[in-house]
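In: What would the 3D arrangement of this be:
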Amino acid sequence: DLFEVTFCYFPITFKPPPDDPYGITADDLKVSLRRCLASTPHFAKFAVPLILEKLSSTSGSAKKDSMETLAACAPVYGAGSLLPHMREIFNSLKLEVYHATETSLEDTAISAIQSVVSALSTGLSTGSQEPTEEALRPLIEECIVTLKDPDMKDAKQTGRILRAVASASDPACQSIVDTVVPLVLKQFRETNTATLKKANMDILIDLLEAGKVLYGTVDEQIDQDLVSPLIQHKERFFGIFESSLMASNEYNLLRLSGLTGIRLMVLSKGYLEPNEVGIAVQSFNKILMNETEEGELRKAALDALYVTSQVHSLYIVEETLPALMNKLPEEGPRDPYALNALRTLCPTSSIYSHGMPLLLQKLDAICQKSQQADDAQEIALVILNVLQAKVDDHKELADEVHTMVPYLFRKTIEASLSTQPSLYLDTNLLQTLSLIIITIFTKVDSSSQKSFVDVLFKSYVQGDLSELVHIQDAFKPLDPTSPEEQQRTVCLFSAVVCSLRKDVSLPISSMEDYLNELVTLALSSPVQGTSVSRMIGSLINKWKDNAALTEYVKTTTLLLQDTVTQNPQALTVYLWITKALVLRTHSLGYELADQLIAWCGNSGMQEVPKGFEILMGDDLFALNKSMFATLSILYKQRFFSYSLPKLIEGYDTASQEIKSNYLIALSFVLKNVPKQILLNELPPLVPLLIQSLDLPDLSLKVSTLSTFQLAVKEAPQVISNQVNQILPSLLDVLQNATQSIQVRIAVLRCLSEFPLSLSKEIIKPHSLSVLAKLKIPLDDKKRIVRKEAVDCRSKWFAIS
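Out: This next block holds a predicted model:
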């Protein structure tokens, strides 16, 4: 009676009403009913026949529900209740695998097969395998018949069934391996057709996947006596997989299957001996190092090396890392795929400790031997990428404050004191080295930061290098009269100062006096201007004494305002002080911003509008969250709301030759404001954005085009009302042959968005003119522009 009042609801076809206040879904009811049916084995003799009957339903939903219920009930009902119905169960589920109308039905059938076969072993001793073997025999025999088909057209589905069965229990796996593997090995040996070789190999891969599920992976701490029956075929498997992988004349899918097979053997618990893992790594290395095309095979080899490094790092360290380093000569072209492989492999802790020293050695060798700054930059970027991939491993990164950070300072200081030119002093490389130091230093605790910054001040401020470099030469990088080579290293000093936590104090007697020294230095040294200005901004932003801060900023900015027209460095300092305060939403910051907006009306101050990129943009080297800056919530939105009406008013009242200043400033504000805020304020700004497309400034055009592309995608209703004005302006930009490649690409991407986001009725009248104007970029000299033009044309063709 209890079963009948429960099962009468199966399968559930409930559809919640639109205004259902309880939020109950059909899936909620199905899962709950399934739990009820699987609550006791006493339901088995009633439920199994009825579930099988529902399986023959033509409704996809009912079939799926029946299979999921069978999978849930099988472990509870046990072998005794399932054995009488096994042939019918397998026939029904097998039918869904081979003839499923939906992928989800096939997946559900496979899960049900695995659950049912697993249940067959319930309560059976390992020596009592007959019931399982007997129940599986018809299914296995039918799989054998399918595999013997000359075309093996159903081999993929058969492999999935065998994998599900073999992964369910040890007796099932034994039966599958004993019956299927000899046939598959025979068929592989006797065929010369690559597709059939692959089909047979994929069956072996399915069985290895099943073994990995059943017997565990290398990194699992499972203590069990069961041994995979696949081990007896280890040599044959390895030979087949390796020969297929190395057969360069075969098609890549066969080679990929070979690589997948070896990868599975490496990852399967207790399957390969240590020396055999080493041979597998050598096979992966050959593909990674010797393949000329950067296709799926090389990518799969790198992925195999990565997963191997998690469990067998020794062979990666001994074999792979040296081979990759050999692909990176000190002079001449380097293999970009080797660089990518190092980015992928080195973040793993066991590889990192060996790989990072090798990368630093390579960087040093290139800086000594190469004449090309890009060569050193490539290696430095790999080092940075590896460190950024390890941001969650705080301890390992923080330890580098005692090793890598002093090493980089030592190398750059030595280079600055040498009479020989050095790539260590290249501007772009120093920027990357600064980011490396920032990545490490922001993960260091306050105590370690304090210890290192004290050493750094001793070296940079006092000129005492004894704790960093064993050189007695005079080192005065903060002196504007010192050699430019020494001054260039200040960006590394700035990286440390700007990364300090708020509770770390500098070894100085007065904040005001030290800031005055920095301002004087920034005004007198173009080489160090930006780096020192970042330090000034960072120190003011983190300054806790608000009264002292306010007094200092008022005094200093008045002096800067008097010199800003004579010294461009004064504007840089002024901008960073303003940014430091705006981030805190300090009222003084808005007062300084008012002066910047006023300067936009001065024809002699063309650099001021571009400074709004500094004000609103996210900087990697200072005043960001990861570097412990004081950031008020919604500071960008507040500054946007404050500055927008002032910039528009300035534009409206300015003379024609000055209007572009306000447009440039406005463009940088719009570029850096959160998307939703921009879209809300967009309608009245569209005419201004259209006008900015006529201005020569490259960054302004690219920024404006990006804004239009975002607007078309996210706010089509706004653009639809002004499409007659926007499209002609975009097409005019496209026709100008003197536009930079960045602008040409940006306008094509913007045009591509129109057919995707706007209604056909609105843009169809423009399709012919757009297609006609696309002829010019279709003949562009740059392939990347032609590609964008082809993509754009195909989208407009679709609506024409």
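
In: and the gap between the residue nearest the centre of the chain and residue 361?
Out: For the chain, the residue nearest the mean C-alpha position is residue 389 (9.7 Å; CA atoms, centre = their mean). Separation of residue 389 from residue 361 (CB to CB, to the nearest Å): 20 Å. Any C-beta I mention is one placed from the backbone N, CA and C, and that applies to glycine too.

In: With residue 683 instead?
Out: For residue 683, the distance to residue 361 - CB to CB - is 58 Å.

In: ok, those two, which is more surrounded?
Out: Taking neighbours as other CB atoms under 10 Å, residue 683 and residue 361 compare with residue 683 leading, 15 against 12.

In: Run a quick neighbour tally on the nearest residue to the more buried one once chain neighbours are set aside.
Out: Closest residue to residue 683 apart from its sequence neighbours, by CB to CB, 6 or more residues apart in numbering: residue 718 at 5.4 Å. Neighbourhood size, residue 718 [other CB under 10 Å]: 16.

In: Now that we're looking at residue 718, what pLDDT does it have?
Out: pLDDT for residue 718: 84.

In: same check, this time on residue 224
Out: 68.

In: The residue nearest to residue 683: helix or strand, and which one exactly?
Out: helix 716-720 (DSSP states H and E).

In: Please work out which residues outside whichever helix or strand comes after that helix touch it.
Out: Sequence-wise, the next helix or strand downstream of helix 716-720 (DSSP H and E) is helix 723-735. Residues outside helix 723-735 that contact it (CB atoms under 8 Å, 6 or more residues apart in numbering): 686-687, 690, 693-694, 701, 705, 708, 719, 739, 743-744, 747-748, 750-751, 754, 758, 762-763, 766, 769-770, 773-774, 776-777.

In: What residues of the helix or strand hosting residue 486 count as buried?
Out: Assessed by DSSP H and E, residue 486 sits inside helix 484-488. Under the neighbour-count criterion of 16 or more other CB atoms under 10 Å, helix 484-488 has 485-488 buried.

In: Which helix or strand lies directly C-terminal to that helix?
Out: Scanning forward in sequence from helix 484-488 by DSSP H and E, the next helix or strand is helix 490-498.

In: Now that following helix - C-alpha only, PDB.
Out: Once non-C-alpha atoms are left out, helix 490-498 reads as follows in PDB (Å, rounded to 0.1, in the frame of the first residue of the first chain):
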ATOM      1  CA  VAL A 490      64.300  54.200  -9.300                       C
ATOM      2  CA  CYS A 491      61.300  52.500 -10.900                       C
ATOM      3  CA  LEU A 492      62.200  49.300  -8.900                       C
ATOM      4  CA  PHE A 493      62.500  51.400  -5.700                       C
ATOM      5  CA  SER A 494      59.100  52.900  -6.500                       C
ATOM      6  CA  ALA A 495      57.600  49.500  -6.900                       C
ATOM      7  CA  VAL A 496      58.600  48.600  -3.400                       C
ATOM      8  CA  VAL A 497      57.500  51.900  -1.800                       C
ATOM      9  CA  CYS A 498      54.100  51.800  -3.600                       C
END
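
In: Could you list every helix and strand in contact with that helix?
Out: Here helix 490-498 is seen to pack against helix 404-417, helix 427-441, helix 446-460, helix 529-542 when contacts are counted using 3 or more CB pairs under 8 Å, 6 or more residues apart in numbering; DSSP states H and E.

In: I'd like these as CSV, with mean neighbour count, mean pLDDT and distance to residue 640 appended.
Out: Conversion of these to CSV gives the following (neighbours: other CB atoms under 10 Å; pLDDT from 0 to 100; distance: least, CB to CB, whole Å):
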stretch, mean neighbour count, mean pLDDT, distance to residue 640
helix 404-417, 20, 96, 37
helix 427-441, 21, 97, 27
helix 446-460, 17, 96, 34
helix 529-542, 25, 97, 19
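
In: Which of those helices sits closest to residue 251?
Out: Closest to residue 251 of the helices and strands packed on helix 490-498, according to CB to CB: helix 427-441, at 41.2 Å.
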